[in-house]
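# Sequence and predicted structure are below.
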Amino acid sequence: MHDVKTQIYLDGASEKEILNNHNENINGYTFNPTLFKNLGIQDYLSHSKKLVKLVKGKPISLEVTGDDKHTIIKQALILSSMGENVYVKIPITLTNGQYTTDIINDLIKENVRLNITAIFTIYQIKEIIDAMSKTDSIISVFAGRLYDIGIDAKEKMSEMGNFIHKNSNCKILWASPRMSYDLFAANEVNCDIITMSMPLYKKLNLVSKDPTEYSLETVKMFFEDAKNSGYSF
């Protein structure tokens, strides 16, 4: 995969997964409140501080939990203060649908590194791009969820990526991939970053595997599972 330029960020990794996979193939890490919940995290700030130390200077995105300007800015400044490698994730809108553009503007003035998340359309990007054009902010587009609703994510990511690269210094991130092959799709349309869960990242070990061999392994798996389950006719 030496010709792949898209960087891989582990998404929602556990402490053990970070420690066991902190290598040159992993370029950064991303988290959000749902991933913290799935990991069973009770103390949001304490765990965030621990993660910043574990990633040893690699970029890490940590998300605010608030839903109003005052709270979001307060939380963003706290998260940002944890390290120069911290990108603070700000949702593109509040839960009432209002854009967070004013919040983004204020945080950029505070030199907070940003990852704008939950983006689905180029119109959302156009709403914020002027404010972010001179920064190295990350713009996270949920490609996997676009596929879920019947939209060709690769086509849209190409369109959005071209717009972002033409009009800013920001990076586009392919979020919520559904299969390991999304890495190659993201690379083909010049996405800067892709997030991958640990199970998805591990599947990259299968790249270049002989399909006939993989077919036989699959047949054997079905047979062994049937035998071990005691199924009979």
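Received the coordinates, thanks. These figures come from a predicted structure and were not determined experimentally.
# Can you give me the end-to-end span of stretch 112-123?
Start and end residues of stretch 112-123 are separated by 24 Å (Cα to Cα, to the nearest Å).
# contacts for that stretch?
The contact list for stretch 112-123 (Cβ atoms under 8 Å, 6 or more residues apart in numbering) reads 30, 32, 61, 63, 76-77, 80, 84, 86-93, 100, 104, 107-108, 125, 128, 132, 135-142, 145-146, 156, 159-160, 163, 173, 175. For every residue, glycine as well, the C-beta is placed using N, CA and C.
# Any of those buried? List them.
Buried subset of those (neighbour count, 16 or more other Cβ atoms under 10 Å): 30, 32, 61, 63, 76, 80, 86-93, 100, 104, 107-108, 125, 128, 132, 135, 137-142, 146, 156, 160, 163, 173, 175.
# among those, which are in strands?
Among the buried ones among the contacts of stretch 112-123, the ones falling in strands (DSSP state E) are 30, 61, 63, 86-91, 138-141, 173.
# What lies in contact with the longest helix along the chain?
Secondary structure of the chain per DSSP state H: the longest helix is helix 211-229. If you take Cβ under 8 Å, 6+ apart as the criterion, helix 211-229 is touched by residue 206.
# Name the SS class of the residue nearest to the spatial centre of the chain, please.
For the chain, the residue whose C-alpha lies nearest the mean C-alpha position (Cα atoms, centre = their mean) is residue 195; its distance is 3.6 Å. Following DSSP: H, G, I helix; E, B strand; the rest coil, we place residue 195 in the strand state.
# so what's it closest to, chain neighbours aside?
Excluding the flanking residues, the one nearest residue 195 by Cβ to Cβ, 6 or more residues apart in numbering is residue 11, at 3.9 Å.
# Per-residue pLDDT of the one you found, please?
On pLDDT, residue 11 comes in at 98.
# Over to residue 144?
98.
# Tell me the helices and strands packed up against the host helix or strand of it.
According to DSSP states H and E, residue 144 maps onto helix 143-148. Helix 143-148 sits against helix 153-167, helix 182-188, with contacts defined as 3 or more Cβ pairs under 8 Å, 6 or more residues apart in numbering; DSSP states H and E.
# which residues sit against that helix?
The contact list for helix 143-148 (Cβ under 8 Å, 6+ apart) reads 120, 152-154, 156-157, 174-178, 182, 186.
# of the residues you listed, closest to residue 208?
Distance to residue 208, by Cβ to Cβ, is smallest for residue 182 among those, at 16.9 Å.
# what's the distance between that closest one and residue 207?
12 Å (Cβ to Cβ, to the nearest Å).
# So if I had to pick from the two, which one is more boxed in?
residue 182 (24 against 12; other Cβ atoms under 10 Å).
# can I assume that one is in contact with residue 174?
Yes: if you go by Cβ atoms under 8 Å, residue 182 and residue 174 touch, sitting 6.4 Å apart.
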